[in-house]
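Engineer: Structure, please.
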Amino acid sequence: MKIIRKICVTVLAAALLSNLSSCGNKIGGFSMPRLALTGESPELRAISDASDEVRGVWIATVFNIDYPSAPDLSAASLKREIDGILNACVSNRLNTVYFQARPSCDALYNSDMFPVSSFLNSEGKLTFDPLGYIVSEAHKRGISVHAWVNPLRITTSSWATEHAPNGSPASVHKDWTVNYDGKLYFNAGIPEVRKFVADGVREIVSRYDVDGIVYDDYFYPYPVKNDNGETVSFNDENEYKKYGGESSLSDWRRENINALVRDTYDAVKETDPECLFGVSPAGVWRNDDGSNGGSSTRGFEAYESIYCDALAWIDGGYVDYVSPQIYWTFDTAATPFDTVVEWWNGILDGAGVDLIVSHGAYRYEEGDWSEPYGEMKEQVEYSRKLLSYRGSMFYGFDEIRSDTFGISNEITDVFSDDIKYTDAYPTGEGISFTSFEEGEKIPIGQAVITGESDPSLPFKSEVGAASRRKDGSFSVTVNVERGENQFIFRLGDKEYSLALNGGG
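Structural biologist: Numbers count the residues shown, from 1 in each chain. Predicted structure coming up:
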């Protein structure tokens, strides 16, 4: 398990810099060589085991969004386009690329398990290896590469469903597939499917020096409605009868995805223990109903709609990082950026799993984000204060490359300083409350409890979603009822309480 980290801008005094030496064997991003420091002072210990802030970008190959610009390009053109992507990363001070190596049961790399992607070559020929080239060239520039895999989507259109290429797993194992809204998906309820998908990741890690593997938010398909406005059902009834046991259909589906993520994590670590594995879930796990622990939002719920239980992956310890897709502004009424990112920060407190926020750079092309008011910069700066945060990734490479409404300037500005994350230095302090005193009388209704804590110890609130800053300060919104209210908090293995009298 990794240790909770705090932020440290690497404009260090000369006395400290003289003690730095590099070690490790990963390149770029947040698997850069760590800094080894000598000396016994607390200042030196506080910045040991430092790693770079993640500054990443998604490179989408599905539908030729970012790469390649069209199928059937020459090897020289394919190389030139990758060079252009990496050069744009360098100029924008980005250090990590999330390259979509398998957009839909296919491969933009040398594979024995999946056919060549039609987005690369319409004849199914691998005349050039994009993943191999981008890994090699990115590492020369000090940039990490994570292979982005879509695990269960097989086809992206009805036409593709009817023309699955020869050798496709969907053609060989038709019983593994489900047709939903004219598109094919692997059935995650079949154990052999989960093993096959995990083995596909194992193939990538064994053949390429990738720094990580990442799944996006596509597991069970996003629900669609028929002409009558009814949600179309996903046809896995037979598998549910065979494997579901006493679980509800929803719980069984969630456990299928949990098992897929867990099997993938094991495949990655068994092949290369230094390779990272992460998932980029939809931004809202669940909306808070007063008892489920969800966020104070009114958005699409991954837990209920596509059966993704990110908390199970975090609690189970089979992800190294999560990158929730928080593609909203601070002003979005149903899902404000700050509300959502604070929720994820609190959930990850003490979990040993890193928070890499995924930002919606593509929204700068849309009307409601087409004002150059610095939204991306503000989001990064806000997130940096949070205890679990270790970096950002942006979806919308073309907007960055084209500097749509000044977004490139925002990114280069906010990344102008080198930043590293280090182990949180223990303060030896417990929890102290700063907003209220024990037994204080306050009005009934919502109240915000604030306080301070040792940032090196895991912190949990039993009364609401708690979010801590890197200095250990925290805030929790609670409901105060008439009479005595007892609010319980935990720091490490110790319990703390605050009593407040409502109605004063």
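
Engineer: Okay, strands next: where are they in the stretch 201-350 of the chain?
Structural biologist: For the stretch 201-350 of the chain, strands defined by DSSP state E, counting those that start in this stretch occupy the ranges 212-215, 276-279, 321-322, 325-326.

Engineer: In the chain, where is pLDDT below threshold?
Structural biologist: For the chain, residues meeting the criterion pLDDT under 70 lie at 1-49, 159-166, 367-372, 504.

Engineer: check contacts around the residue positioned nearest the centre of it.
Structural biologist: The residue lying closest to the centre of the chain (CA atoms, centre = their mean) is residue 323, at 1.4 Å. Shown in contact with residue 323 (CB atoms under 8 Å, 6 or more residues apart in numbering): 214, 278-280, 355-358, 393. Backbone N, C-alpha and C define where each C-beta goes, glycine included.

Engineer: biggest helix in the protein, by residue count?
Structural biologist: helix 249-271 (DSSP state H).

Engineer: Look at the closest residue to residue 239 other than its chain neighbours and give its secondary structure.
Structural biologist: Spatial nearest neighbour of residue 239, chain neighbours left out: residue 189 (3.8 Å); criterion: CB to CB, 6 or more residues apart in numbering. Here residue 189 takes the coil state, with states given by DSSP: H, G, I helix; E, B strand; the rest coil.

Engineer: ok, how many other residues are close to residue 189?
Structural biologist: Using other CB atoms under 10 Å, residue 189 has 25 other residues around it.

Engineer: Next: residue 126.
Structural biologist: 16.

Engineer: Then it would be within a strand, right?
Structural biologist: No. Secondary structure of residue 126 (three-state DSSP): coil, not part of a strand.

Engineer: roughly how far apart are it and residue 485?
Structural biologist: Using CB to CB, to the nearest Å, residue 126 is found at 65 Å from residue 485.

Engineer: Next: residue 66.
Structural biologist: For residue 66 relative to residue 485 (CB to CB), the value is 52 Å.

Engineer: Those two: who's more crowded?
Structural biologist: Using other CB under 10 Å as the criterion, residue 66 and residue 485 rank with residue 66 on top: 21 against 18.

Engineer: Name the SS class of that one, please.
Structural biologist: Residue 66 falls in the coil class when you classify it by three-state DSSP.

Engineer: Please apply the same query to the one 3 residues further on.
Structural biologist: With three-state DSSP as the basis, residue 69 sits in coil.

Engineer: what sits against the residue nearest to it when sequence neighbours are not counted?
Structural biologist: Spatially, and ignoring its direct neighbours in sequence, residue 69 is nearest to residue 81 (6.3 Å; CB to CB, 6+ apart). Contacts for residue 81 (CB under 8 Å, 6+ apart) come out as 67-69, 73.

Engineer: can we see that at 10 Å?
Structural biologist: The contact partners of residue 81, by CB atoms under 10 Å, 6 or more residues apart in numbering, come to 66-70, 73, 130, 134.

Engineer: hang on, it is in a strand, isn't it?
Structural biologist: No. Under the criterion used here (three-state DSSP), residue 81 is helix, not part of a strand.

Engineer: Would you mind measuring from it to residue 437?
Structural biologist: For residue 81, the distance to residue 437 (CB to CB) stands at 62 Å.

Engineer: Check residue 74 too.
Structural biologist: In this view, residue 74 and residue 437 are 73 Å apart by CB to CB.

Engineer: can you check residue 100 too?
Structural biologist: Plainly put, residue 100 is 54 Å away from residue 437 if you go by CB to CB.

Engineer: sorry, back to before: go through the strands of the stretch 201-350 of the chain and pick out the most buried.
Structural biologist: The highest average neighbour count among those, using mean count of other CB atoms under 10 Å, belongs to strand 212-215 at a mean of 26.

Engineer: Show the secondary-structure elements that that one is packed against.
Structural biologist: With contacts taken as 3 or more CB pairs under 10 Å, 6 or more residues apart in numbering; DSSP states H and E, strand 212-215 sits against strand 54-59, strand 96-102, strand 144-149, helix 191-207, helix 249-271, strand 276-279, strand 321-322.

Engineer: can you put those in JSON lines and add distance to residue 430?
Structural biologist: Output for the helices and strands packed on strand 212-215, formatted as JSON lines (distance: least, CB to CB, whole Å):
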{"stretch": "strand 54-59", "distance to residue 430": "32"}
{"stretch": "strand 96-102", "distance to residue 430": "37"}
{"stretch": "strand 144-149", "distance to residue 430": "38"}
{"stretch": "helix 191-207", "distance to residue 430": "43"}
{"stretch": "helix 249-271", "distance to residue 430": "34"}
{"stretch": "strand 276-279", "distance to residue 430": "33"}
{"stretch": "strand 321-322", "distance to residue 430": "29"}
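
Engineer: Which one, of these, ends up nearest to residue 238?
Structural biologist: Counting by CB to CB, residue 238 lies closest to helix 249-271 out of the helices and strands packed on strand 212-215; the figure is 12.5 Å.

Engineer: and residue 106, what does it touch?
Structural biologist: 61-62, 114-120, 124, 150, 153-156, 160, 165, 168-169.

Engineer: Excluding sequence neighbours, find me the nearest residue to it.
Structural biologist: Among residues not flanking residue 106 along the chain, residue 117 sits closest, at 3.8 Å (CB to CB, 6+ apart).

Engineer: Could you do residue 309 as well?
Structural biologist: For residue 309, ignoring the flanking residues on the chain, the nearest one in space by CB to CB, 6+ apart is residue 254 at 4.8 Å.

Engineer: List the residues that contact that neighbour.
Structural biologist: Neighbour list for residue 254: 219-220, 247-248, 303-304, 306-309, 312 [criterion: CB under 10 Å, 6+ apart].

Engineer: how close does it sit to residue 52?
Structural biologist: Distance from residue 254 to residue 52, counting by CB to CB: 34 Å.

Engineer: how many neighbours does residue 147 have?
Structural biologist: The burial count for residue 147: 25, using other CB under 10 Å.

Engineer: pretty sure it is in contact with residue 103, am I right?
Structural biologist: No. Checked against CB atoms under 10 Å, the pair residue 147 and residue 103 is beyond contact range at 11.5 Å.

Engineer: Could you count how many residues lie near residue 108?
Structural biologist: For residue 108, the count of nearby residues is 28 (other CB under 10 Å).

Engineer: Identify the residues contacting it.
Structural biologist: Contacts of residue 108 (CB under 10 Å, 6+ apart): 61, 67-68, 78, 99-102, 114, 116-117, 119-121, 126, 128-132, 134, 147.

Engineer: now stretch 252-261: how far from the chain's centre is it?
Structural biologist: Put simply, stretch 252-261 sits 18 Å off its chain's centre (CA atoms, centre = their mean, to the nearest Å).

Engineer: partners of the nearest residue to residue 146 once chain neighbours are set aside in the sheet?
Structural biologist: The shortest distance from residue 146 to any non-neighbouring residue, by CB to CB, 6+ apart, is to residue 212 (3.6 Å). Listed by DSSP bridges, the beta-bridge partners for residue 212 are residue 146, residue 276.

Engineer: Can you verify my assumption that residue 212 contacts residue 280?
Structural biologist: No. Residue 212 is beyond contact range of residue 280, at 11.6 Å (criterion: CB under 10 Å).

Engineer: Return every residue with contacts to both of these two.
Structural biologist: Common contacts of residue 212 and residue 280 (CB under 10 Å, 6+ apart): 98, 148, 321.

Engineer: May I ask you to confirm that the last one is in contact with residue 392?
Structural biologist: Think residue 321. No. Using CB under 10 Å, residue 321 makes no contact with residue 392, being 11.9 Å away.
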